[in-house]
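[1] Provided below for reference: sequence and predicted model.
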Amino acid sequence: HGADSPKLLPVMDKLLTAYAGLQDANAGVPVLEQKLALVTKLKGEKRKEVTVVMRDTAVAETVRGKHEKARRMQRKALSIYEDTVGEKSEEVGLLYLGMSFTEFTDPETGASKLDTAPKYRNKGIEILESVYPEGSAKRIALYSDQLERIRPFAQGGGGSGQLARYAKELEDKLEANKGGP
């Protein structure tokens with residue numbers, strides 16, 4: 001079908017699912033870059049579909065330690081999202097969570113940028129809370145995923161009491177959304 005065939009997209013998605021399951025960002029990035037090029041060619045550069053692939057590629061680049069490349073992609077995706085879906089959309093909320101991950105995991109930024117990660121995280125969660133109804137599976141997954149990511153740091157004493165307080169806040173929100181006490 002050729003290198004520009006839309007029929008490649010489902011195959012790429014299956015490969016990306018396998019690489020994500022294997023936690024192999026090094027193998028996934030070339031497929032993501034190929035998918036980004038193909039989706040850009042098929043849909044146009046400033047389209048929501050392109051930014052989804054850009055967001056996923058930025059997360060993979062962060063995992064590979066290429067934080068500056070991830071930031072460039074995230075800034076570009078945010079600009080496109082602002083023009084296409086507005087700031088209060090699920091896509092933007094997820095992008096902010098990815099941006100928080102990039103800042104939090106960058107060993108080069110040091111303490112000077114560690115305040116940026118919680119700001120992005122909080123903005124992402126605020127947006128997603130406005131999009132996901134209370135008690136919905138997506139809202140429960142949001143809290144569960146965030147709690148899973150920070151719990152090792154909050155319990156390990158890897159930060160101030162701020163992380164422990166945030167973990168408690170997430171636990172409370174999770175229980176409230178599950179219909180717990």
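    Everything's here; your move.
[2] which residues touch the residue most central in space within the chain?
    Using C-alpha atoms, centre = their mean, the residue of the chain that lies closest to the mean C-alpha position is Gly98, 3.1 Å off. Residues in contact with Gly98, defined by C-beta atoms under 8 Å, 6 or more residues apart in numbering, are 55, 58-59, 62, 70, 74. To be clear about C-beta, it is placed using only N, CA and C from the backbone, and glycine gets the same treatment.
[3] Would you point out the most distant pair within those?
    Maximum pairwise distance in the contacts of Gly98, criterion C-beta to C-beta, is 10.9 Å, between Arg55 and Thr62.
[4] returning to what we had before: need the contacts of Gly98 in CSV with neighbour count and pLDDT, can you?
    Formatted as CSV, the contacts of Gly98 follow (neighbours: other C-beta atoms under 10 Å; pLDDT from 0 to 100):
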residue, neighbour count, pLDDT
Arg55, 22, 93
Ala58, 28, 95
Val59, 23, 92
Thr62, 24, 92
Ala70, 27, 96
Gln74, 26, 96
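[5] wait, what's in contact with Glu171?
    Glu171 sits in contact with Leu147, where contact means C-beta under 8 Å, 6+ apart.
[6] just to revisit the earlier point, in which helix or strand would I find the residue nearest to the centre of the chain?
    If you go by DSSP states H and E, Gly98 is part of helix 90-105.
[7] export that helix as CSV, just CAs?
    Once non-C-alpha atoms are left out, helix 90-105 reads as follows in CSV (Å, rounded to 0.1, in the frame of the first residue of the first chain):
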residue,chain,number,x,y,z
GLU,A,90,-9.7,16.4,27.7
GLU,A,91,-6.8,16.6,25.3
VAL,A,92,-5.3,19.7,26.9
GLY,A,93,-5.7,18.2,30.4
LEU,A,94,-3.9,15.1,29.4
LEU,A,95,-1.2,17.2,27.7
TYR,A,96,-0.6,19.2,31.0
LEU,A,97,-0.2,15.9,32.8
GLY,A,98,2.4,14.9,30.3
MET,A,99,4.1,18.2,30.7
SER,A,100,4.2,17.7,34.4
PHE,A,101,5.8,14.3,33.9
THR,A,102,8.5,15.8,31.6
GLU,A,103,9.4,18.5,34.2
PHE,A,104,9.3,16.1,37.2
THR,A,105,11.6,13.5,35.5
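[8] Give me the contact list for stretch 48-66.
    With C-beta under 8 Å, 6+ apart, stretch 48-66 has contacts from 16, 25-26, 28-29, 32-33, 35-36, 39-40, 43-44, 67, 69-71, 73-74, 76-77, 80-81, 84-85, 91, 94-95, 98, 101-102, 105-106.
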